[in-house]
Structure formats: structure tokens, C-alpha cells
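>>> below is the structure, and that's it, no one-letter string:
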Ligand code: ATR
């Protein structure tokens, strides 16, 4: 029994599945913890973070739009946080606030789970989007052996900034949004990191004709679980990877750091999340 308190801070945060995941693991492992969703406006973020340790919080996950602010607030950062410039987990310690990025490990573990995803060693990947999620995904792809990334983003300058950020680690080529032939030629995997395809947003209207048959298609959007992109990819025979994998796996190191137990991602957890998404739809 440790009675630790943690949670997730976002704006908005009502859609977050993190409380469902952490509470599932409380039950599974008999951990005496609490995990709450905190809606915190960006302008109040640092003030609220200052108050949480005083209120007994062990730490907090942070989600959109606070990941950069959390990075700035941390007094120590793990390697993935330093390399991505984003923090999604703050742990309140005696010596200060340590910041971690568990999204990179989350996507890497999701890739490893996806048996249908072929070898990525020395292959090219295409990443759609150039936000924080794209940075995490690119780092995970590089760890998996991908040797070149094509970044395609509506706003080209943001893609160029990400390419520049990773220039020393992996060659990134910027391709204009719409140049799908150039973007997809010879790729082993396509990953959507944009918010397109999320419930309530426009679908990702990207033609897949130029995608090699052997390419895997991954989406980090998890609501709906089968996005229009994944639906079309599956219909064309591509191996697909949905966003629940990354979501569940990024929570593993977070739960371990917060509650001292390394949990497992199970089929039952996935089924529970799908049920909750259906109830909320
Ligand atoms: P995150 O940090 O979660 O990745 P973000 O920084 O807001 O979030 O990034 C969202 C991504 O979705 C961006 O790549 C964004 O493209 P821009 O950089 O051009 O804004 C992309 N995106 C959002 N709406 C889009 C749309 N209607 N068409 C194309 N891309 C879109």
C-alpha cells in the first residue's frame, strides 16, 4: 500500500484515456494509487505544477499543449526528453523535478508489437506531420534502424525545422504536402502523426496509390481506433498499426516511475480502451 497520487494534465483533458489505463493497472497489480485528469490552462501550467508536489502528487503525465512547457519546467531530463525537446512525464523528487519523454519508447514498443511490420533496418520511412509527436516517432524509427526519413507537413517550414533538429542523427528529407509520389517511393513504413483522422476532424485525405505494397502503415491517432487511413491501407493489403499501441506503451514507463511496478500491455487492456472509446463516441 503506498497511496500515491498522480494524473494527467492537459487542455482539454476529458478525452484522455490515461486514467483508464493507470486505473486498470491499479486493479491488476493491487496498487493503492489514484490517477486523476486535470484540466489546466496553459497560462496556469507552471503555477499548478508548483502546487502538485505540495498536494502529495508523486508526478504527473502531461499532454497537449503542455509538453514543451513541461520540458522547460524540469530540472533534469532523460535522454529522450533532451533529444525530442518534449516532456510527457514529470516526477516530483526531493532534489527537483525530473522530466521524461515516454512517447519514444511507446512508439518503439508498438512497432515491436506489430509483428506485421517488416524489417526497418536501413530502410526509408515517411512521416506525416511535424509536431511533437513526429519528433518522438522519428527518434523511435531511427532506433529501429531506419536510415532515412521523409517528412511531409502542411507547413513546410515546420518539417524543415524537424529535419534540422535531427540533422546530426538521421538524414531527413522534406517533401511538400501533396507530392505523394516522391514521399512514398520505396518506403518501408508510413506513419501519420498529424491530428487528421481524429474523431471530429477531417480524415487524412492522402492517396495511397504510390505506396509500395510491402509498406506498413501506422497511425498514432487512436480515436477512432481504425482511422480512415488505416481502413484504406488495410483494404489495399498493407500491414497496419493503430494508435492504441503507442498510447498503452507510453504509459508503461510512466506507471513504473510513478508507482514502482512495471506493468504489462495486455489484450484485455486494449479491449477495455476500445470499450471506453465506444461508450464515449
Ligand atoms: P503534436 O505535438 O501532437 O504533434 P501539433 O504540434 O499541433 O501536435 O501538430 C499537429 C500536426 O497535424 C501538424 O503537423 C499539423 O500541420 P501544421 O504544422 O501545418 O499545422 C498537422 N495538421 C493539423 N491539421 C491539419 C490539416 N488540416 N491538414 C494537414 N495537416 C494538419
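Sure thing, it's come through. All of these numbers come straight from a predicted model, not from anything done at the bench.

>>> which residue, neighbours along the chain excluded, lies closest to the residue in the stretch 101-250 of the chain positioned nearest to the ligand?
Using C-beta to the nearest ligand atom, the single residue of the stretch 101-250 of the chain nearest to the ligand is residue 131, 2.3 Å away. For glycine as for every other residue, the C-beta is placed from the backbone atoms N, C-alpha and C. Residue nearest to residue 131 in three dimensions, not counting chain neighbours: residue 193, with 6.7 Å by C-beta to C-beta, 6 or more residues apart in numbering.

>>> wait, isn't the one you found in contact with residue 127?
Yes: contact criterion C-beta atoms under 8 Å: residue 193 and residue 127 qualify, at 6.1 Å.

>>> the two: who's more crowded?
residue 127 (29 against 26; other C-beta atoms under 10 Å).

>>> now do the SS call for that one.
Secondary structure, DSSP: H, G, I helix; E, B strand; the rest coil: residue 127 is strand.

>>> swap in residue 105?
Per three-state DSSP, residue 105 ends up helix.

>>> name the SS class of the nearest residue to it once chain neighbours are set aside, please.
Leaving aside its sequence neighbours, residue 105 sits nearest to residue 253 (C-beta to C-beta, 6+ apart; 5.8 Å). Of the three states, residue 253 takes helix under three-state DSSP.

>>> isn't residue 253 right up against residue 108?
No: here residue 253 does not reach residue 108: they are 11.1 Å apart, not a contact under C-beta under 8 Å.

>>> and the gap between residue 267 and residue 102?
Per C-beta to C-beta, to the nearest Å, residue 267 is found 21 Å from residue 102.

>>> ok, now residue 136?
Residue 136 is 9 Å from residue 102, where distance means C-beta to C-beta.

>>> contacting residues around the helix or strand containing residue 136?
Using DSSP states H and E, residue 136 sits in helix 132-143. Among residues not part of helix 132-143, those counted as contacts by C-beta atoms under 8 Å, 6 or more residues apart in numbering are 64, 67-68, 80, 83-86, 101, 103-108, 111, 120, 125, 127-128, 149, 151, 153, 162, 165-166, 169-170, 172, 189, 191, 193, 220.

>>> what does the protein have sitting close to the ligand?
Counting by C-beta under 6 Å from any ligand atom, the residues of the chain close to the ligand are 64, 129-134, 153-155, 158, 193-196, 202.
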